[in-house]
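Participant: Here is my input, please return the structure:
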Amino acid sequence: MRLVLAALLALAVLPAAPAASAQSCSGFQSMCAARCKQRAPTDLNCVQDHCTPKLQECRATGCWQEGKLYGGAKTCNLKKT
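Facilitator: You can find the predicted model right below:
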């Protein structure tokens, strides 16, 4: 019985972990930087030109606006860190 409860608890906690890391402005900035490196590896200014302005806006408003390439979703109520 303990094993079953431990397994259920582990399953309940695991899915939330990756999403929690992106629930801050810096988490979204990290995701943006990773996308820059993946999609434009030769563009040395991608993070500075694309992600840094989004980070500054997020720290001011608590909202991150995805680019059109990623659906354009706006996520708000983020930690401004």
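Participant: Please look at Ala40 and Cys51 and confirm they touch.
Facilitator: No. Using Cβ atoms under 8 Å, Ala40 is not in contact with Cys51; the gap is 11.3 Å. The C-beta positions use only the backbone N, C-alpha and C, and glycine is treated the same way.
Participant: These two: which has the busier surroundings?
Facilitator: A count of neighbours by other Cβ atoms under 10 Å puts Cys51 above the other of Ala40 and Cys51, at 20 against 13.
Participant: what's the closest non-adjacent residue to that one?
Facilitator: In this structure, Cys51 finds its nearest non-sequential neighbour in Cys32, 3.9 Å apart by Cβ to Cβ, 6 or more residues apart in numbering.
Participant: so who does that neighbour touch?
Facilitator: Listed by Cβ atoms under 8 Å, 6 or more residues apart in numbering, the contact set of Cys32 reads 47, 50-51, 54-55.
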